[in-house]
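Student: Prediction below, plus the sequence it came from.
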Amino acid sequence: MEKRYENLVSRLAGQPCVKVLFVCLGNICRSPAAEGVMRRIVEEGGEGSRWVIDSAGTGRYHIGQLPDNRMRVHARRRGLELTHRCRQVCEQDFDDFDIIIGMDSDNVRNLRRVAPTPEAEEKIVPMAAFVDMAMRYDHIPDPYYEGAEGFELVLDLLENGCSRFFACCRK
Ligand code: 4NP
């Protein structure tokens, strides 16, 4: 992992509470799935009460909607119920969260535009920073125009990345 991300994550490891926001474009596929995957990991790790987990989108097309049906179906097969309601990321999120994890480089670039200060910008980390290099992905690919395998790939990458992120932050 890059040094600047390592520094941020090692600070989180020392905190009594960790607040993470996952961000993608639509907030109906990747980021609500990341939220669900992460919530299960922290609960299974006995840290449910230590974490605040949410998701948002850089776009505003689907505000108020539940996650995409295809994402909900694939998540449910892994025992995850996704009930998040879509919202757009905003400046306030940079105060409310310790780390803001973008799914791809477009998300990261758009998040930089929303960040109100250079310090706020330092909270932005790409999800791929936590995904094992062996999975050979440097971003979480947008599944919106893909078939079933696109959604399964997203869940595989998120389970890997979120587990590794949790291991870095664990008390
Ligand atoms: P997400 O996927 O960013 O993972 O939620 C998308 C959802 C909707 C659209 C694009 C990507 N869209 O163009 O409406």
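Tutor: Structure's in. What do you need? Residues are numbered from 1 along each chain as shown.

Student: Quick one: neighbours of Arg40, just the number.
Tutor: Applying other C-beta atoms under 10 Å, we find 16 residues neighbouring Arg40. For the C-beta atoms, the positions are set from N, CA and C on the backbone; glycine is no exception.

Student: State the pLDDT value of it.
Tutor: pLDDT recorded at Arg40 is 98.

Student: One more: Phe94?
Tutor: Residue-level pLDDT assigned to Phe94 equals 98.

Student: What distance do you get for it to the ligand?
Tutor: 20 Å (C-beta to the nearest ligand atom, to the nearest Å).

Student: same question, Val9
Tutor: Taken as C-beta to the nearest ligand atom, the span from Val9 to the ligand is 23 Å.

Student: and if you look at Arg85?
Tutor: Counting by C-beta to the nearest ligand atom - Arg85 and the ligand are separated by 13 Å.

Student: near the ligand, which residues of the chain show up?
Tutor: Contact residues (C-beta under 6 Å from any ligand atom) of the chain with the ligand: 24-30, 61, 142, 144.

Student: Now, those residues that are in helices?
Tutor: The helices, defined by DSSP state H, take in Arg30 from the residues of the chain next to the ligand.

Student: Export the residues of the chain next to the ligand to TSV and append columns for pLDDT.
Tutor: What follows is the residues of the chain next to the ligand, written out as TSV (pLDDT from 0 to 100):
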residue	pLDDT
Cys24	98
Leu25	98
Gly26	98
Asn27	98
Ile28	98
Cys29	98
Arg30	98
Tyr61	96
Asp142	98
Tyr144	97
